[in-house]
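Trainee: Build the 3D model from these lines:
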Amino acid sequence: MATAKQLDELTECPICTDVYTDPRVLSCGHTICLKCIRKYIEEKESNEEEPVCPMCRTKFALPSNGVGDLPKNFFVNNFLQMKELSMSVETKKTPCEACGGGDDGNESEVQNIASVYCVECQMKLCQICERSHKAVKLTSSHKLIKIGDNISVGTILQSMPPRYCNQHADESIKIYCLLCKCAICIMCYVELHNGHQCSDVNKVESEFRKQMGGDVEQVTTGVEKCKGMLQNLEKEKNQFIEKVAKTGSEISEKAEQLKRMIDRHEEKLINQLSSMKQKRMKEIESLREETERRMVSMESYNKYVDELRQKGTAYDVASAASGLHDRAEELLKFDVIERSLADLGDVVVTFLSLNYVIDDVRKTLGQVSSEVVKARKLHSTALHNIWTCFVATFLMFWFIIIVIFFRTLGIW
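Mentor: The predicted structure follows:
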């Protein structure tokens, strides 16, 4: 049985999510309420943008007379009627639309509940109105569907009245113009399509259904192709993320390797500087102690000689004069200390380093690059790998040269 829930997807506007009111179909095939598409177009016009379908972003051209001339979707209109009818079937209690649902007090309540639906008049009728409907010659041949029966969607579609022309309301559509590719009525054929190659709508129906079936198969194949492409894109995304993560790890590992190498060399240089300091300080301290001893001896000599001169007897002075003179000459001999001081010299402590790493760290740490390898050029992947190996070998060669140069200078 056709229920309202089964028809929701075909009878609800994707923009306002309400039941369609005057559904209009765009060139891309999407159907939207006239009020929704009019509001959408007005907003786009205020932004001076070309109108596109709000669902798939496909551009479409507006009719010369405006939005109101967009083609109606009669197929969806039929489904709206089916939805309303299916709701009536489920409730089984819908008032008659011909007599107003029982204003006449002489009729029973049961008789004024709609029991049938006339698909041509598109009205629900009670039992009394049904009898009148059948009695009138003009409506006696109308197709009536009993409300309350299990009615399928196919049954309702087959029972729908023929579609009438937009230009000639009293004329049903019976002809298909092969040149203009549109369904028309007799009056349209006489007025606008006379001389065009035309055919009966019923005759071209089977060919169009076959064509639609083939299109659906191809589109279904396209859907599967899109799924495959999406899978490939997802795979490519994951592979790229893995490559980025791997490259990031390689960069970090290389940086840590250089840090460790620099730290080790720093420690070595600091130890060398400390040894140089200790040796130099020992030499300076030794010479300082020798100089201080000489100075103490000279001060002691002066003090002793001054005392002797002031307080000593003639005998004391005469006896000590020769020895004190020799001692003075000995104390005044600075040649050994001066030679040691000259040998000590003025040491200049410097740190020799190239600015190569600081100025262009890319040549030491490396640099990141990416290259798009297209599938149709498989040989480019091999070329890329060869180039990568060449660059790595070149950088390693210069790195070894730098290491040898540092070791030659004695700073590594």
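Trainee: for the stretch 151-300 of the chain, what spans make up the helices?
Mentor: Secondary structure of the stretch 151-300 of the chain (DSSP state H, counting those that start in this stretch): helices at 153-159, 186-191, 201-311.
Trainee: how about those helices, which one is nearest residue 342?
Mentor: helix 201-311 (10.6 Å; C-beta to C-beta). C-beta coordinates here come from the backbone N, C-alpha and C atoms, glycine included.
Trainee: coming back round to it: could you dump the helices of the stretch 151-300 of the chain to a markdown table with mean pLDDT and mean neighbour count?
Mentor: A markdown table is the format used below for the helices of the stretch 151-300 of the chain (pLDDT from 0 to 100; neighbours: other C-beta atoms under 10 Å):
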| stretch | mean pLDDT | mean neighbour count |
| --- | --- | --- |
| helix 153-159 | 61 | 14 |
| helix 186-191 | 90 | 15 |
| helix 201-311 | 90 | 11 |
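Trainee: ok, residues contacting stretch 318-330?
Mentor: 301, 304, 305, 308, 312 (C-beta atoms under 8 Å, 6 or more residues apart in numbering).
Trainee: ok, now with 10 Å
Mentor: Residues from elsewhere that reach stretch 318-330, judged by C-beta atoms under 10 Å, 6 or more residues apart in numbering: 297, 298, 301, 302, 304, 305, 308, 309, 312, 313, 317.
Trainee: Wait, the second one touches residue 332, no?
Mentor: So the one you mean is residue 298. Yes - if you go by C-beta atoms under 10 Å, residue 298 and residue 332 touch, sitting 8.2 Å apart.
Trainee: and this structure, what are its domains?
Mentor: 1-91, 352-412 (automatic domain parsing).
Trainee: And residue 251, how far from residue 343?
Mentor: 52 Å (C-beta to C-beta, to the nearest Å).
Trainee: picking up where we left off before, adding distance to residue 178, write the helices of the stretch 151-300 of the chain out as CSV.
Mentor: Below are the helices of the stretch 151-300 of the chain laid out as CSV (distance: least, C-beta to C-beta, whole Å):
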stretch, distance to residue 178
helix 153-159, 25
helix 186-191, 12
helix 201-311, 8
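Trainee: Out of these, which is closest to residue 114?
Mentor: Ranked by C-beta to C-beta, the member of the helices of the stretch 151-300 of the chain that lies closest to residue 114 is helix 153-159, at 15.7 Å.
Trainee: Name the residues that touch stretch 210-226?
Mentor: If you take C-beta under 10 Å, 6+ apart as the criterion, stretch 210-226 is touched by residue 204.
Trainee: now do stretch 285-301
Mentor: Contacts of stretch 285-301 with the rest of the structure, by C-beta under 10 Å, 6+ apart, involve 324, 327-328, 330-334, 336-337, 340-341, 343-344.
Trainee: Which of those residues fall in helices?
Mentor: Judged by DSSP state H, helices contain the following of these: 324, 327, 328, 330, 331, 336, 337, 340, 341, 343, 344.
Trainee: which of these lies closest to residue 125?
Mentor: Relative to residue 125, the closest of the ones in helices among the contacts of stretch 285-301 is residue 344; by C-beta to C-beta it sits at 128.7 Å.
Trainee: and the closest one, how many residues sit next to it?
Mentor: For residue 344, the tally of surrounding residues (other C-beta atoms under 10 Å) stands at 13.
Trainee: Repeat that for residue 16.
Mentor: Neighbour count of residue 16, defined by other C-beta under 10 Å: 14.
Trainee: Relative to residue 353, how far out is it?
Mentor: To residue 353, residue 16 is 73 Å away according to C-beta to C-beta.
Trainee: just residue 252 next, same as before
Mentor: Per C-beta to C-beta, residue 252 is found 25 Å from residue 353.
Trainee: and stretch 325-344, how far apart are its ends?
Mentor: Using C-alpha to C-alpha, to the nearest Å, the end-to-end distance of stretch 325-344 comes out at 31 Å.
Trainee: returning to that earlier point: can you add distance to residue 169 and give the contacts of stretch 318-330 back as a markdown table?
Mentor: A markdown table is the format used below for these (distance: C-beta to C-beta, whole Å):
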| residue | distance to residue 169 |
| --- | --- |
| 297 | 140 |
| 298 | 139 |
| 301 | 144 |
| 302 | 143 |
| 304 | 148 |
| 305 | 149 |
| 308 | 153 |
| 309 | 153 |
| 312 | 157 |
| 313 | 163 |
| 317 | 159 |
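Trainee: Ramachandran coordinates for residue 23?
Mentor: Main-chain dihedrals, residue 23, degrees, to the nearest 10: phi -70, psi 140.
Trainee: For it, the count of nearby residues, please.
Mentor: Neighbours of residue 23 (other C-beta under 10 Å): 24.
Trainee: try residue 126
Mentor: Neighbourhood size, residue 126 [other C-beta under 10 Å]: 26.
Trainee: got a pLDDT number for it?
Mentor: At residue 126, the model reports a pLDDT of 87.
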